[in-house]
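J.: sequence plus predicted model, see below.
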Amino acid sequence: MEPLMEILENLHPEIDFDTCDNLIDGGLIDSFDIVTIISEINEEYDVVIPAEEIVPENFNSAKALYALIQRLEDE
């Protein structure tokens, strides 16, 4: 999970990604951030996030995002 936290913290160092669980719902990250996050995840974890997985539930917290990455790695 460390590489993911680094990706997120480099994007928005002012957000506490350890505790925040409303990144999308709270308007803390926007669509441009999501595109950047997806690109970085593709490079770091060598997984492709399908369009149907780009939903707020998967991007509202670092934990949810990491769970998505793990699920995609297992497929």
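T.: Yes, it's here. Residues are numbered from 1 along each chain as shown.

J.: straight-line length of stretch 21-41, end to end?
T.: 19 Å (C-alpha to C-alpha, to the nearest Å).

J.: check which residues of that stretch are buried.
T.: 23-24, 29, 33-34, 37-38, 40-41 (16 or more other C-beta atoms under 10 Å). Glycine gets a C-beta too; all of them are placed from N, C-alpha and C.

J.: ok, now stretch 9-17?
T.: 15, 17.

J.: which outside residues touch that stretch?
T.: Contacts to stretch 9-17, defined as C-beta atoms under 8 Å, 6 or more residues apart in numbering, come from residues 5, 8, 23, 28-29, 33, 36-37, 61-62.

J.: same thing but 6 Å
T.: The set of residues external to stretch 9-17 that reach it, using C-beta atoms under 6 Å, 6 or more residues apart in numbering, is 5, 8, 28, 33, 62.

J.: no further questions, thank you.
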